[in-house]
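A.B. asks: Here you go, sequence then predicted model.
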Amino acid sequence: LLVGIVLRYGILIPADISNVTLSCELEDSPSTLLINVSGRFYEYTLKSEINSKDINNMESNEMLQKVTFDPEVFFNILLPPIIFYAGYSLKRRHFFRNLGSILAYAFVGTVISCTVIGLIMYGCVKLMALIGQLSGDFYFTDCLLFGAFISATDP
């Protein structure tokens, strides 16, 4: 409410509004972006568009090397501080109060995931053997082992 009052009555509008530029028309977009962050200026300049021929030749194209996201940077530089901060700011009281549910979700969830994936794989193996696409023996324990490999990454 106060902001509305200040905007309505606090800003002076010149009497001769015809001399004031109300809009800025550009035929092309500006090629430089200048950002002021705490007194430091950062500049981004658009050099050119990336041709469809250059997409396959990424090693020789400097522009593609700069804009391509490297997953190693994320996993080795950006992600560890996030995980460290989450673990460091976790209160011990909250962690130990919920330890039972954490362990239950970890172990029981992994066992359920392993079993469900193993059963689905066992059904697929039996179906493939039934239609003649599979030669060889796959046992239920092999399918459970596959389920354990897959479910261990994210219970």
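C.D. replies: Nice, I can see it.
A.B. asks: how deep is Tyr122 tucked in, by neighbour count?
C.D. replies: 19 (other CB atoms under 10 Å). In this view, the C-beta of every residue, glycine as well, is placed from N, C-alpha and C.
A.B. asks: That should have said Phe74, apologies.
C.D. replies: 10.
A.B. asks: cool, and Cys143?
C.D. replies: Residues near Cys143, counting by other CB under 10 Å: 22.
A.B. asks: looking at it, it is touching Met121, isn't it?
C.D. replies: Yes. Taking CB atoms under 8 Å as the definition, Cys143 is a contact partner of Met121 at 4.0 Å.
A.B. asks: Going by neighbour count, list what's buried in the longest helix anywhere in the chain.
C.D. replies: Longest helix of the chain, by residue count under DSSP state H: helix 99-131. For helix 99-131, the neighbour count (16 or more other CB atoms under 10 Å) marks Thr110, Ser113, Cys114, Ile117, Gly118, Met121, Tyr122, Val125 as buried.
A.B. asks: cool, stretch 143-155 as well?
C.D. replies: Of all the residues in stretch 143-155, those buried under the rule 16+ other CB under 10 Å are Cys143, Leu144, Phe146, Gly147, Ala148, Ser151.
A.B. asks: quick one: which of these sit in helices?
C.D. replies: Cys143, Leu144, Phe146, Gly147, Ala148, Ser151.
A.B. asks: do you know how far the third one is from Phe96?
C.D. replies: Translated: Phe146. The gap separating Phe146 from Phe96 is 35 Å, by CB to CB, to the nearest Å.
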